[in-house]
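A.B. asks: coords please:
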Amino acid sequence: MAVSLIRRLIQAIFVILAMTVIVFVGVNVIGNPVDILINPDANQAERLRVIAHYGLDQPLWKQYMLFLQGLVHGDFGNSFVYGRPALSLILERLPATLELAISALLIAIVIGLPLGLYAGLYPNRISSRLIMSGSILGFSLPTFWVGLMLIMVFAVELRWLPTNGRGATAEFLGAQWSFLTRNGLSHLLLPAFNLALFKTSLILRLTRAGVQEVLPQDYIKFARAKGLSERRIVFVHVLKNLMIPLVTIIGLEFGSLIAFSVVTESIFAWPGMGKLIIDSINLLDRPVIVAYLMMMVILFVGLNFIIDVCYTLLDPRVRLDAKA
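C.D. replies: Numbers count the residues shown, from 1 in each chain. Below is the predicted model:
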């Protein structure tokens with residue numbers, strides 16, 4: 001097991017190094033940040049001073065080596081717009097995005113897993129067919145439209161929940177969190193549900209498909225022949241085998257919730273990383289863009305590594321393959 005994890009860790013490091021090249025080159029060929037950093041009426045000497053100050057006069061390979069050096073030390077440079085370290089800007093917004101993503105994932109698991117399990121165990125019931133039909137809406141409806149409808153119904157018409165913002169927050173572990181206050185929780189519900197809609201449908205359908213695949217297996221028939229209760233068969237034998245593909249999906253979807261929450265954050269004016277990266281792209285704030293992309297790369301690679309560890313713990317065949 002240790003050898004397998006070390007091998008995966010080395011692979012993860014090489015993937016991150018490869019992505020640094022792609023991210024750095026991709027961002028550096030987009031536009032010229034000097035055009036937004038100085039006044040168009042500035043003279044040539046002022047332009048050269050700004051270019052030299054930000055190291056944009058260096059060869060691309062040298063800029064990349066400086067970028068790698070900064071990456072090792074957690075230094076992505078100062079934002080062209082805010083004049084502050086790019087990483088600190090992102091870390092300020094991280095708790096808001098993280099809170100939204102975790103809330104959406106919990107909603108997706110709490111709703112999608114039981115409904116998928118029910119639809120898989122009783123596929124011929126009308127209620128199961130209604131559940132599966134409803135899951136299609138989760139895939140089909142655009143996120144921005146659902147967000148606007150949620151605001152229209154629950155905030156404007158019924159006035160049950162606020163329309164936007166993060167609301168009151170409370171400090172925990174050195175960061176501000178909305179879910180710790182009643183007002184903040186009310187602000188969190190609509191964007192979290194909007195972000196969770198697609199993931200709920202995905203987990204629901206995958207759970208149903210997994211149940212349908214597991215139920216005809218011989219070990220389920222043997223468990224029933226032994227006289228085990230249906231509850232034990234479902235919660236021990238069926239769910240345990242469902243967890244292997246679900247761990248992959250939940251892990252990767254959690255990363256996508258963080259990386260692609262831009263639309264939801266924009267609609268509900270949620271002050272997370274998504275809004276920051278949109279503003280940075282519009283303003284060609286290169287250090288913030290690079291820092292954000294590298295954080296997403298490290299996040300997905302880290303999640304894949306955690307999923308591999310979970311695989312090793314859940315599936316004995318993985319441990320046997322590693323020994324072989």
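A.B. asks: what's the neighbour count on L246?
C.D. replies: Burial of L246 is recorded as 19 neighbouring residues (other C-beta atoms under 10 Å). Just so you know, the C-beta spots here come from the backbone N, C-alpha and C atoms, and that holds for glycine as well.
A.B. asks: show me the contacts for it.
C.D. replies: If a contact means C-beta atoms under 8 Å, 6 or more residues apart in numbering, then L246 has L113, I203, L206, T207, G210 as its contacts.
A.B. asks: can you tell me the helix or strand for the fourth one?
C.D. replies: Yep, that's T207 we're talking about. With secondary structure defined by DSSP states H and E, T207 is part of helix 182-214.
A.B. asks: can you map out the helices along the stretch 51-200 of the chain?
C.D. replies: Using DSSP state H, counting those that start in this stretch, the helices of the stretch 51-200 of the chain run over 60-72, 86-121, 126-140, 143-150, 182-214.
A.B. asks: export the ones you listed to TSV and tack on distance to V156?
C.D. replies: Listed next are those as TSV, based on distance: least, C-beta to C-beta, whole Å:
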stretch	distance to V156
helix 60-72	45
helix 86-121	21
helix 126-140	22
helix 143-150	10
helix 182-214	12
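A.B. asks: Which one, of the ones you listed, ends up nearest to F268?
C.D. replies: Across the helices of the stretch 51-200 of the chain, F268 has its closest neighbour in helix 182-214 (4.2 Å, C-beta to C-beta).
A.B. asks: which of the residues in that closest one are buried?
C.D. replies: 184-185, 187-208, 210-211, 214 (16 or more other C-beta atoms under 10 Å).
A.B. asks: Could you do stretch 91-106 as well?
C.D. replies: Within stretch 91-106, the residues that count as buried by 16+ other C-beta under 10 Å are R93, L94, P95, A96, T97, L98, E99, L100, A101, S103, A104, L105.
A.B. asks: Stretch 146-158 too?
C.D. replies: Using 16+ other C-beta under 10 Å as the test for burial, stretch 146-158 gives V146, G147, L150, I151, F154, A155.
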